[in-house]
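Peer 1: Here you go, sequence then predicted model.
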Amino acid sequence: MNLVEHTYRVFKSTWGIYVKIIAEYTSISNYNAQDDMIEVCDGLKLAFAKHQVVDEDTLVEGDIIYLIEGLKKVSDQILGKSIYNKDTIIVIHSINIAPCDFQEEGLVAAIIEWASIAFGFEVPPIVVTFNKEINKYEFLY
């Protein structure tokens, strides 16, 4: 099992972003729940473990698009480094957030950093600034 845990934090104002991801990657052909797969791109899928940890501090279904967006940004690096090549699935076991320190776009950066650790590539530059006027973090990739 290629289980990797990563906590993404950014704090540039009176509040920040906290996202903790525990996930693994494996071969799509070895994954049992074929119906639960979400296609990220050709050869890369995303799924959520049946025993996924869910509590009041976890993401909602609408936030999944941010995980997909992040994985798409680094899909070439993932598929280039994965031992499963174009037969790779990332299985999320747990995503924990701090509701007071959360912004959906932080999931993009969090999953990019998680993937860089899991697959062993350099994190692409992610510039994060805080816009006081709109009280929101802005991300530039």
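Peer 2: Received the coordinates, thanks. Numbering: from 1, shown residues only.

Peer 1: Now do the strands in the protein.
Peer 2: Applying DSSP state E to the chain gives strands spanning 4-11, 16-27, 38-41, 44-53, 88-97, 127-131, 136-140.

Peer 1: got a list of what S29 touches?
Peer 2: D87 (C-beta atoms under 8 Å, 6 or more residues apart in numbering). To be clear about C-beta, it is placed using only N, CA and C from the backbone, and glycine gets the same treatment.

Peer 1: Can you check the pLDDT for the most centrally placed residue in the chain?
Peer 2: The centroid of the chain falls nearest to I111 when counting by C-alpha atoms, centre = their mean (2.4 Å). For I111, the model assigns a pLDDT of 98.

Peer 1: That one - nearest residue in space that isn't next to it in sequence?
Peer 2: Nearest residue to I111 in three dimensions, chain neighbours excluded: G70, at 3.8 Å (C-beta to C-beta, 6 or more residues apart in numbering).

Peer 1: The one you found contacts G106, doesn't it?
Peer 2: No - counting by C-beta atoms under 8 Å, no contact exists between G70 and G106, whose distance comes to 9.8 Å.

Peer 1: S94: neighbouring residues, count only.
Peer 2: Residues near S94, counting by other C-beta atoms under 10 Å, number 17.

Peer 1: which strand residues sit across from it in the sheet?
Peer 2: Beta bridges link S94 to I22, V53, judged by DSSP bridges.

Peer 1: wouldn't it be in contact with I22 here?
Peer 2: Yes - between S94 and I22 there is a contact under C-beta under 8 Å: 4.2 Å.

Peer 1: For the strands of the chain, could you give me CSV that also reports mean pLDDT and distance to Y66?
Peer 2: What follows is these, written out as CSV (pLDDT from 0 to 100; distance: least, C-beta to C-beta, whole Å):
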stretch, mean pLDDT, distance to Y66
strand 4-11, 96, 12
strand 16-27, 95, 10
strand 38-41, 96, 12
strand 44-53, 80, 11
strand 88-97, 93, 11
strand 127-131, 96, 14
strand 136-140, 96, 10
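
Peer 1: As CSV, those with distance to E61 would be great.
Peer 2: Formatted as CSV, the strands of the chain follow (distance: least, C-beta to C-beta, whole Å):
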stretch, distance to E61
strand 4-11, 20
strand 16-27, 16
strand 38-41, 11
strand 44-53, 10
strand 88-97, 12
strand 127-131, 25
strand 136-140, 22
